[in-house]
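Student: what's the 3D shape of this:
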Amino acid sequence: MDRERQEEQKHFDACRELIRKNAAGYEAEFEERHQKTQALFRAMQGGDVELYNQMMTSASLEEHALSQLKKNRAAYENPYFGRIDYLDKETAHEEKVYIGKNGIFRNKTDVVIADWRAPISSVYYENEIGDGSYHLPEKVSDYGMESPEIPICLHLKRTYDVDKGVLKGYYDSDVAANDALLVQYLSQNKDAVLGDIIATIQKEQNEIIRESPFKNILVQGVAGSGKTTVAMHRISYILYNYKERFTSNEFCIIGGSDLLLNYITSGLPELDVHDVKQKRMDEMLTYLLKKEWTKKQKLTAPSADASVRSRMDFILYLEQWILRLRRETVAAKTLADRELGTILTDSSIERLREETPEYSIYRLLVTLDERVRTRIKFLCPEGEKEYFTKKCREYKQHYKNRAIGKSVCTLYGEFLADYERKFPGAVDLALHEKRAAAGEYDIYDAAAMALIYYRVKQKKEDEEFGQIFIDEAQDFGAMIYYVLRTLLPECYFTIMGDVSQNINYETGMNDWEEMRMWVLTGERDTFRLLKKSYRNTIEISEYAGKILQKASSGRYQIEPVIRHGIPVQEYREADEEAMYKRAQGIADSVKEKGYGSIAVICGDDAEAEWIGKWMEGVTILPVQMVKGLEFDVVILWNPPGEIDGVKTAKLQYVAATRALHELHVVRGKM
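Tutor: Below is the predicted model of the structure:
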């Protein structure tokens, strides 16, 4: 063993010993704090309420000890995965930093292993050998948003191969997680890959993870490019570096299905992320409707004219309709009193109306009433308190009484009738009236009604959400994102998707143009591309690539990581019984190889239910439910032999790209 290898082993062993001692110390501290907290709680129950503050302080220290205990225990087997040696040009100090999944301290100030989310760790993921820099987290100053840049000169970037407490080797490279180590990780089964992903974050992924939280980001990423993983790590990064600005309960993850949301959130605790909200897109929209959405109403599948209502033209016409309603309700007409004279001029009313487009009609009317009261006080003779009270009573809620009393559903029905008059045949008005009578609406109805609520009836701004993360964004029309962006103006969005995987061809997005034009409207907003696929083998990527040509005219091609596997296996069976036997045989054989996650992907729910009666030990899902998921092995069940359209191509492309290692295609007799 050479000297450098001995030094690395010595440092590795010393780190593990420190972590072991830290864990023992925090375990003892946790037990002590826990007992003290319990004792204070019992004393409070006995009537000594003055101990409340002491109990809360003790509970906080107990929670901190438990958190540090968990971090040190988690770090014991795999303390770190990277190291950087560099010159800090500002201080002229030579630095050596080890980087791990968890930050480890010798004491409160002595960092032994830097957390992967720390600003300095970005050097490992992004910088090449030589001159470079890293940025500190953004802060608001008198000059706007500032992100101080620290110049460095990088001498060494090293990646470690650690397995269950054993330092197996290390590699020096200009690129984080060089190909050899990356392919090694990707060749493992699905569960193993999830545990090691932090060590293999690539430069283009890291740039998105560490992008400013004070901007909106739209990411187009091919299947297997790590969109979901990037979103999860971005949440963890923001919460770690911007504790003073954001708390976890301000975060919300939005997806198209509960299956996808559960898949995403199951990995968050491992990234030290807790208590974030999660909602399906339909749930989010009805949630924003507040009390206007009642238990009597329910969401149903989109009707045929959803292809019209999912587009920006539809929602922009609704904006014009609401604007006319606003001007009619808040007419610019002078308010005068016989005794006091002019209270509000028509120009002042018009100016307020036009200069506060973010105010709902309700808020605008309430504001006018506040101004009426202020003007009456100014116009009344000084000291005439009774006269002032009399005049205030006379004009009490003068404007608020004009507030629109109709429900949002009623207003939406009136808008649809107007839209039908303007564009005959564009919407099925009779169907909508029938559905409304039964309390049935689809997701695009809900989005339009949410905008009406916000523009007409909202009483105060919604400040619940600070950061929203949306996965599989392409499955919904651009108007939904316009509505979310409008209703939550102080919220920042990270939007991930792939237009090649739009399974809702008529209503979803087949390009990002409307999104870029109407949603990413801020100077700091950005569009990012993830072109590399880390999920599939070369053989699976090539198979999917042929489908992709028909799904998106090759607009966003896959760039696979060089990882070979077995060729895609295709089978043609004589009948259904033979198909079941073949599929079960494939499942049994791949289990013997050590693969744990195996999925049969078929056409619809009915087919999935039927296959489930014949097969066991595998996950069986219709293609509409597999978005964002991945499996070690995928068996495609009887897909079309000839792809005869973009919609069919996109469905088959989604199904094929779920496979990490093996893809098998089982078809029936032609």
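Student: all helices for the stretch 501-650 of the chain, in order.
Tutor: Applying DSSP state H, counting those that start in this stretch to the stretch 501-650 of the chain gives helices spanning 513-518, 538-552, 576-592, 605-612, 646-656.
Student: now the third one against helix 605-612, angle please.
Tutor: Angle, helix 576-592 to helix 605-612, by axes from the mean of the first three to the mean of the last three Cα atoms, to 10 degrees: 70 degrees.
Student: can you count the residues close to residue 342?
Tutor: 13 (other Cβ atoms under 10 Å). C-beta: built from backbone N, CA, C; applies to glycine.
Student: If you count neighbours, what's buried in stretch 430-438?
Tutor: When neighbours are counted by 16 or more other Cβ atoms under 10 Å, the buried residues of stretch 430-438 are found to be 432, 435-436.
Student: Lowest mean pLDDT across the helices of the stretch 501-650 of the chain, which one is that?
Tutor: For those, the weakest mean pLDDT is recorded on helix 538-552, namely a mean of 80.
Student: quick one: the closest residue to residue 199 other than its chain neighbours from residue 20, how far?
Tutor: Leaving out its chain neighbours, the residue that sits closest to residue 199 by Cβ to Cβ, 6 or more residues apart in numbering is residue 81, at 3.7 Å. Noted for residue 81: a distance of 19 Å to residue 20, by Cβ to Cβ, to the nearest Å.
Student: For the spatially most central residue of the chain, give its distance to residue 227.
Tutor: Computing the C-alpha centroid of the chain and ranking residues by Cα atoms, centre = their mean puts residue 469 first, at 1.8 Å. From residue 469 across to residue 227, the span is 10 Å (Cβ to Cβ).
Student: so what sits against both of the two?
Tutor: Common contacts of residue 469 and residue 227, defined by Cβ atoms under 8 Å, 6 or more residues apart in numbering, comprise residue 496.
Student: got a markdown table for the helices of the stretch 501-650 of the chain, with distance to residue 386 too?
Tutor: What follows is those, written out as a markdown table (distance: least, Cβ to Cβ, whole Å):
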| stretch | distance to residue 386 |
| --- | --- |
| helix 513-518 | 54 |
| helix 538-552 | 75 |
| helix 576-592 | 87 |
| helix 605-612 | 72 |
| helix 646-656 | 74 |
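Student: and those, which is most packed in?
Tutor: helix 646-656 (a mean of 23; mean count of other Cβ atoms under 10 Å).
Student: what angle sits between that one and helix 538-552?
Tutor: 160 degrees.
Student: which stretches of the stretch 451-600 of the chain have low pLDDT?
Tutor: Applying pLDDT under 70 to the stretch 451-600 of the chain picks out residues 550-555.
Student: Now do the strands in it.
Tutor: Ranges of strands within the stretch 451-600 of the chain are 467-470, 492-497, 526-530, 532-533, 559-560, 569-572, 598-602, based on DSSP state E, counting those that start in this stretch.
Student: contacting residues for residue 341?
Tutor: For residue 341, the contacting residues are residue 379, by Cβ under 8 Å, 6+ apart.
Student: So for it, what's the pLDDT?
Tutor: So, for residue 341, pLDDT stands at 93.
Student: which residue ranges form the helices in the stretch 251-400 of the chain?
Tutor: Listed in chain order, the helices of the stretch 251-400 of the chain (DSSP H, counting those that start in this stretch) span 258-266, 281-288, 306-309, 312-329, 346-355, 361-379, 385-394.
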